[in-house]
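S.K.: I would like to see how this sequence folds:
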Amino acid sequence: MSQWYLKQIEDELVDGEVYLQKQKVVDLVIRRMIKHENRIIEIDVDTAQGGGEVPKEEKRLKIHPSADV
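M.R.: Model prediction:
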């Protein structure tokens with residue numbers, strides 16, 4: 001998700017340091033919206049395989065069904 005956002009604003013990212021700062025802020029905001037505000041939920045791409053931890057790359061984010069948009 002953060003990669004998608006950073007791609008949208010790539011014209012504003014003048015150097016690598018700015019990119020890393022923006023990436024950190026975006027990741028913190030997303031994590032807060034998942035863990036504390038419950039506005040975003042993580043969905044496992046393939047839950048049918050069962051067992052074990054699903055890697056972060058294989059998870060998708062979705063707006064919580066009860067969240068007002």
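
S.K.: Helices along the protein, start to end?
M.R.: 2-8, 16-35 (DSSP state H).

S.K.: which residues of the chain score low on pLDDT?
M.R.: 45-58 (pLDDT under 70).

S.K.: redo that, cut-off 80
M.R.: Counting by pLDDT under 80, the chain contains low-confidence ranges at 1, 44-59, 68-69.

S.K.: hang on, residue 41 packs against residue 59?
M.R.: No: Residue 41 lies out of contact with residue 59 (C-beta atoms under 8 Å); the separation is 9.9 Å. Quick note: C-beta positions are derived from backbone N, CA and C, even for glycine.

S.K.: ok, back up a step: how about the helices of the chain in a markdown table, adding distance to residue 66?
M.R.: Formatted as a markdown table, the helices of the chain follow (distance: least, C-beta to C-beta, whole Å):
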| stretch | distance to residue 66 |
| --- | --- |
| helix 2-8 | 24 |
| helix 16-35 | 14 |
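
S.K.: To residue 64, which of those lies closest?
M.R.: helix 16-35 (9.2 Å; C-beta to C-beta).

S.K.: Now do the closest one: everything it contacts.
M.R.: Residues from elsewhere that reach helix 16-35, judged by C-beta atoms under 8 Å, 6 or more residues apart in numbering: 1, 2, 5, 6, 9, 12, 13, 39, 40, 41, 42, 61.

S.K.: Thank you, goodbye.
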